[in-house]
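>>> Next input, structure requested:
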Amino acid sequence: MIDRVITSGTFSLDGGTWDVDNNVWLVGDAREVVIVDAAHTAGPIAERVGGRSVKAIVCTHAHNDHINAARELAELTGAPIRLHPADQVLWEQVYGPEVTYEPLADGEKLMVGGIALQILHTPGHAPGAVCVHAPDLGAVFSGDTLFKGGPGATGRSFSSFDTIIASIRERLLTLPSETVVHTGHGESTSIGAEAPHLEEWIARGH
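Numbering: from 1, shown residues only. Next up is the predicted model:
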């Protein structure tokens, strides 16, 4: 139902470049999947998809390391790219205006393999950042909004610490405590493991 592919490459923003490993999540069943974040290299992701149909390529946000395989994967699979339009400025840094996507909306529900995926707009790390909640699976795919040990980075352009804290408090920490958090980088965690530390993050962030 949930599968992970780890791909490696670089993240570039504000004139800096960093080596990163990204988690690419496949959610679905034996017939169809949704890909959460098309990072770095299309080949290994397409290989893991196998013969299944891809219903959508959902981008949790438009930093280059989360979308740089999206166009190629869309061409390989015929699946639409989905992104919250508030990240248009970041999208255009990678693809310009000529590569298009279908807008994601807060509260939208996607169905794949009988599983409901609900889109939660969680700005802060990026203006159009979203998390993908799969209540049937007791999981949320958090992109770079929430990690094991704290919120995503907010020190670069188009990000805001106060906004990401509000998003986590209002949209994520209200989920059941046993909800597994599948992150954009690194290890998974749970809402229950992260919730007690909110005030520490706020103190540290300010």
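>>> Now do the contacts for Leu173.
Shown in contact with Leu173 (Cβ atoms under 8 Å, 6 or more residues apart in numbering): Ile191, Glu194, Ala195, Leu198. Backbone N, C-alpha and C define where each C-beta goes, glycine included.
>>> rerun at 7 Å
Counting by Cβ atoms under 7 Å, 6 or more residues apart in numbering, Leu173 makes contact with Ile191, Ala195, Leu198.
>>> of these, closest to Pro80?
Nearest to Pro80, judged by Cβ to Cβ, of those is Ile191 at 29.4 Å.
>>> for that closest one, what are its contacts?
Shown in contact with Ile191 (Cβ under 7 Å, 6+ apart): Leu172, Leu173, Leu175, Pro176, Ser177, Thr179, Val181.
>>> what do you get for Val58?
Counting by Cβ under 7 Å, 6+ apart, Val58 touches Val34, Ile35, Val36, Arg82, Val132.
>>> Which of these ranks first by neighbour count?
Ranked by the number of neighbours (other Cβ atoms under 10 Å), the contacts of Val58 place Ile35 first, at 32 neighbours.
>>> Please look at that residue and Leu26 and confirm they touch.
Yes - in terms of Cβ atoms under 7 Å, Ile35 counts as a neighbour of Leu26; the distance is 5.8 Å.
>>> How are the strands of the chain distributed by residue range?
In the chain, the segments counted as strands under DSSP state E are 2-13, 16-28, 32-36, 53-58, 81-83, 102-103, 109-112, 115-121, 130-134, 139-143, 146-147, 150-151, 180-183, 189-190.
>>> Sheet-wise, list the partners of the fifth one with their directions.
Listed by DSSP bridges, the sheet partners of strand 81-83 and their directions read strand 53-58 (parallel), strand 102-103 (parallel).
>>> Enumerate the positions of stretch 172-192 that are buried.
Neighbour counts over stretch 172-192 (16 or more other Cβ atoms under 10 Å) mark 172-173, 175, 179-185, 188-191 as buried.
>>> what do you get for stretch 19-29?
Of all the residues in stretch 19-29, those buried under the rule 16+ other Cβ under 10 Å are Val20, Asn22, Asn23, Val24, Trp25, Leu26, Val27, Gly28.
>>> Go through the buried residues of stretch 172-192 and say which is closest to Ser8.
Relative to Ser8, the closest of the buried residues of stretch 172-192 is His185; by Cβ to Cβ it sits at 10.8 Å.
>>> In this structure that closest one contacts Asn23, no?
Yes - between His185 and Asn23 a contact is recorded at 6.3 Å, counting by Cβ under 7 Å.
>>> Ala116: what's it in contact with?
Applying Cβ under 7 Å, 6+ apart, we find Ala116 in contact with Lys109, Pro135, Asp136.
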